[in-house]
Every structure is written in C-alpha cells, then in structure tokens.
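1. model this:
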Amino acid sequence: MRWQQGRELVDGMIARAELERVPASRDHADLLLAQARRHVGSAEAIAGDDPAGAYQLLYDAARKALAAVLENQGLRATSRGGHIAVREAVTAQLDPPLGAVLRPFDRMRRRRNQVEYPSAAAPAVTADEVTRDLPKVDEILAVATKVLDQMSPF
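-> Down below sits the predicted model:
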C-alpha cells in the first residue's frame, strides 16, 4: 500500500525538481541514521569547547535523520530544494500527528545558518543552546527510526 499523506505536496516538489526519485534504500537510510547518531554524540562531546561546531553537528544529525526517511522512500532533496525540501516533504507526510517533534528542525535550520554565516547582529551559539536542542534531535532520530518500517516507497 502506498503512503498517501502528503502525496500531493510531494508530487509537486518532484515536479518542481525540489525532490528527485532515487532507488528506495533501507540500507542507505540506516547509514544516514547511524551517521546522525554519531553526530549527536560528537556534538555532546564538544559542546563546551566548540559550541558552534557542536550546533552544526547537531543540526546535521536532525537533517540526516529526516533525509533517511526520504531515502527509504526513494526520494532525495535536490540542490534546488535543499534542506527546506527535506523538512517540507517529511512534515507533509508525518504532520499530523508528529508535527510537534518535527517543528524544532526549522528553527534549528535557521539558527545553524546564523552560526554558519555569522553576523554581528546574531549572538554566538552557546553550550547551553546545544544542550537544550540535544533532546529535540534525539526525538527526531527516534521518529525517523520508527517510521522507516511503516512508510512504503513513494
């Protein structure tokens, strides 16, 4: 049975070349999840010494977790769609009921951009900020891991 929730939005993203079809791969999805878990551990380990680097790793962990959901379905964001396409495609398919778990991703994406492209107007990221977002990324990882067995190839 094909996954129906969010199908119209995802079809539109494919038509606009924000997403592309690729061979569905549970193995690749599992690899992305394993990388994401390592990123979380690394972020936790370096948060005190390098909060900016830790935050980038933490965000990348969340992005890879969501990308794993798409890879398992045979979908991948293109350079045109980028990280926003990953968020939109997964959110369309899983919200409701999982919007509260997925919602921090977009805030983290914007914050990561501030860290990656700093300005004098944006405050530096702190170790406390990394620590506050760690559980949110853990929840995103847990959801991604859980839904792989429930969502069919697109």
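
2. run through the helices of the chain in chain order.
-> Secondary structure of the chain, counting by DSSP state H: helices at 7-15, 26-46, 51-73, 82-94, 99-102, 104-116, 127-147.

3. for those helices, could you give me TSV that also reports mean neighbour count, mean pLDDT and distance to residue 154?
-> Bear in mind the C-beta positions are built from the backbone N, C-alpha and C, glycine included. Supplementary listing: the helices of the chain in TSV, determined by neighbours: other Cβ atoms under 10 Å; pLDDT from 0 to 100; distance: least, Cβ to Cβ, whole Å:
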stretch	mean neighbour count	mean pLDDT	distance to residue 154
helix 7-15	15	97	6
helix 26-46	17	98	13
helix 51-73	24	98	4
helix 82-94	21	97	9
helix 99-102	14	96	18
helix 104-116	16	96	20
helix 127-147	18	98	13
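
4. make TSV out of the ones you listed and add distance to residue 153.
-> As requested, the helices of the chain are exported to TSV (distance: least, Cβ to Cβ, whole Å):
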stretch	distance to residue 153
helix 7-15	12
helix 26-46	10
helix 51-73	5
helix 82-94	13
helix 99-102	21
helix 104-116	23
helix 127-147	13
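
5. burial count for residue 48?
-> 12 (other Cβ atoms under 10 Å).

6. for stretch 13-21, measure first residue to last.
-> 11 Å (Cα to Cα, to the nearest Å).

7. no no, stretch 110-125
-> 12 Å.

8. and for stretch 96-103?
-> End to end - Cα to Cα - stretch 96-103 spans 11 Å.

9. next one: the residue nearest the centre of the chain from residue 123, what distance?
-> Central residue of the chain (Cα atoms, centre = their mean): residue 63, 2.4 Å from the mean position. Taking Cβ to Cβ, to the nearest Å as the measure, residue 63 falls 22 Å from residue 123.

10. how about residue 95: what's its closest non-neighbour residue?
-> residue 102 (6.0 Å; Cβ to Cβ, 6 or more residues apart in numbering).
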